[in-house]
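Visitor: show me how the following folds:
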Amino acid sequence: MEKKRISVLRISSSIINFREKLLERFELKEWVWFEDRNKNLVFFGMYHWGDYIRFLWHQGIRSRDKIQQRTTIFWCGSDILNLKKCSIYLFPFFRKARNICENEVEKLELAKYGITAEIYPMCFEVFDEIKESYKHSDFPNVYLCCHSGYKEEYGVNYIEGLASVIPEVIFHIYGMYGISNNQNVIYHGVVTNELFNEEIKNYQAGLRLNDFDGFSEVLAKSILMGQWPISRISYPYIDYAKDTISLINLLKDLKNKKRPNTEGREYWYKQLKRNFL
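Guide: This is a model prediction of the structure:
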């Protein structure tokens, strides 16, 4: 497939916090609906009716030629779950676009709607700047991110219930404010991306507890730093916590990780370097 056939990006308002990262990562301009209707376009996120309407407006949807030559949808995660509320009349249009997702879990869910997707895990950040920085600790620090109002989905309540069982592991929660009854749970609130990257360099693992998810920035940054990330979704070179017992065992085993996850870092650097554009 010819590289750089995409000329503009359209970023859903639901992931607007990734806007600057995406524009920097791909070095492309943002779509202007009344100017760029005929241009090859990638939609990042298809979350709501605002996204659907813009998708239908794009010239590629109305023309008789192959829509996939003009339009790509990058599904980010929960936007796929939102398809349950979507009009069935939109599915034929989605099927004609080129569809990209980040793992097998998402691909199988899209297939339920007759949407065939390619798998391209992605880090929205310019990941060349993320260096290996792993340092062993007998009292491992793990980190997770959560937006306010999504504590259940992102596993914050789960960690609060689990923390006392693993007092030797320190849990750092970013993206929301809170006070914990557990001494080994620390809420950092909302911080800048620069401060977040600087602080997590000193930790041992990123933790992603979403049952349905794209390839999280938490996992991407953790593995690129040579850490030992843990996920509810199975990925190569990333520890898979299929249930509570396995999660506890993986967290307890972090103190035994004496060296950086160099093999995992090399594998994921190559994967994330692939460009679906």
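Visitor: for the chain, which spans come out with low pLDDT?
Guide: 1-6, 59-69 (pLDDT under 70).
Visitor: where along it do the strands fall?
Guide: Under the criterion DSSP state E, strands of the chain are mapped to 8-11, 29-30, 41-44, 71-74, 98-101, 117-119, 141-145, 170-174, 185-189, 205-208, 230-231, 239-240.
Visitor: out of these, deepest packed?
Guide: With neighbours taken as mean count of other C-beta atoms under 10 Å, these reach their highest mean count in strand 205-208, at a mean of 26. To be clear about C-beta, it is placed using only N, CA and C from the backbone, and glycine gets the same treatment.
Visitor: please enumerate residues in contact with it?
Guide: 140-144, 155, 159, 171, 200, 216, 218-219, 221-223, 227-233, 251, 254 (C-beta atoms under 8 Å, 6 or more residues apart in numbering).
Visitor: run a quick neighbour tally on residue 262.
Guide: Applying other C-beta atoms under 10 Å, we find 12 residues neighbouring residue 262.
Visitor: with adjacent residues omitted, what lies nearest to residue 188?
Guide: residue 174 (4.9 Å; C-beta to C-beta, 6 or more residues apart in numbering).
Visitor: gap between the closest residue to residue 18 other than its chain neighbours and residue 131?
Guide: Sequence neighbours aside, residue 124 is the residue nearest to residue 18 in space, at 4.8 Å (criterion: C-beta to C-beta, 6+ apart). To residue 131, residue 124 is 18 Å away according to C-beta to C-beta, to the nearest Å.
Visitor: for those two, indicate the residue with more neighbours.
Guide: Neighbours per residue, other C-beta under 10 Å: of residue 124 and residue 131, the larger number sits with residue 124, 23 against 10.
Visitor: give me the phi and psi for that one.
Guide: phi -70, psi -20 (degrees, to the nearest 10).
Visitor: correct me, but it touches residue 22?
Guide: Yes - applying C-beta atoms under 8 Å, one finds residue 124 in contact with residue 22, separated by 5.5 Å.
Visitor: among the contacts of strand 205-208, which ones are in helices?
Guide: Among those, the members falling in helices (DSSP state H) are 159, 200, 218-219, 221-223, 251.
Visitor: can you add neighbour count and distance to residue 245 and give those residues back as JSON lines?
Guide: JSON lines is the format used below for those (neighbours: other C-beta atoms under 10 Å; distance: C-beta to C-beta, whole Å):
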{"residue": "159", "neighbour count": "25", "distance to residue 245": "15"}
{"residue": "200", "neighbour count": "23", "distance to residue 245": "26"}
{"residue": "218", "neighbour count": "26", "distance to residue 245": "22"}
{"residue": "219", "neighbour count": "25", "distance to residue 245": "21"}
{"residue": "221", "neighbour count": "21", "distance to residue 245": "27"}
{"residue": "222", "neighbour count": "31", "distance to residue 245": "22"}
{"residue": "223", "neighbour count": "31", "distance to residue 245": "23"}
{"residue": "251", "neighbour count": "25", "distance to residue 245": "11"}
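Visitor: tabulate those residues (CSV), appending distance to residue 239.
Guide: Shown next, in CSV, are those (distance: C-beta to C-beta, whole Å):
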residue, distance to residue 239
159, 16
200, 17
218, 13
219, 10
221, 16
222, 10
223, 10
251, 9
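Visitor: pick out the most distant pair among these.
Guide: Greatest spatial distance among the ones in helices among the contacts of strand 205-208 (C-beta to C-beta): 159 and 223, at 20.2 Å.
Visitor: what sits against the spatially most central residue of the chain?
Guide: Centroid-nearest residue in the chain: residue 216, 2.7 Å away (criterion: C-alpha atoms, centre = their mean). Neighbouring residues of residue 216 by C-beta under 8 Å, 6+ apart: 145, 206, 208, 210, 231.
Visitor: quick one: contacts for residue 242?
Guide: With C-beta under 8 Å, 6+ apart, residue 242 has these contacts: residue 232.
Visitor: many thanks, I have nothing further to ask.
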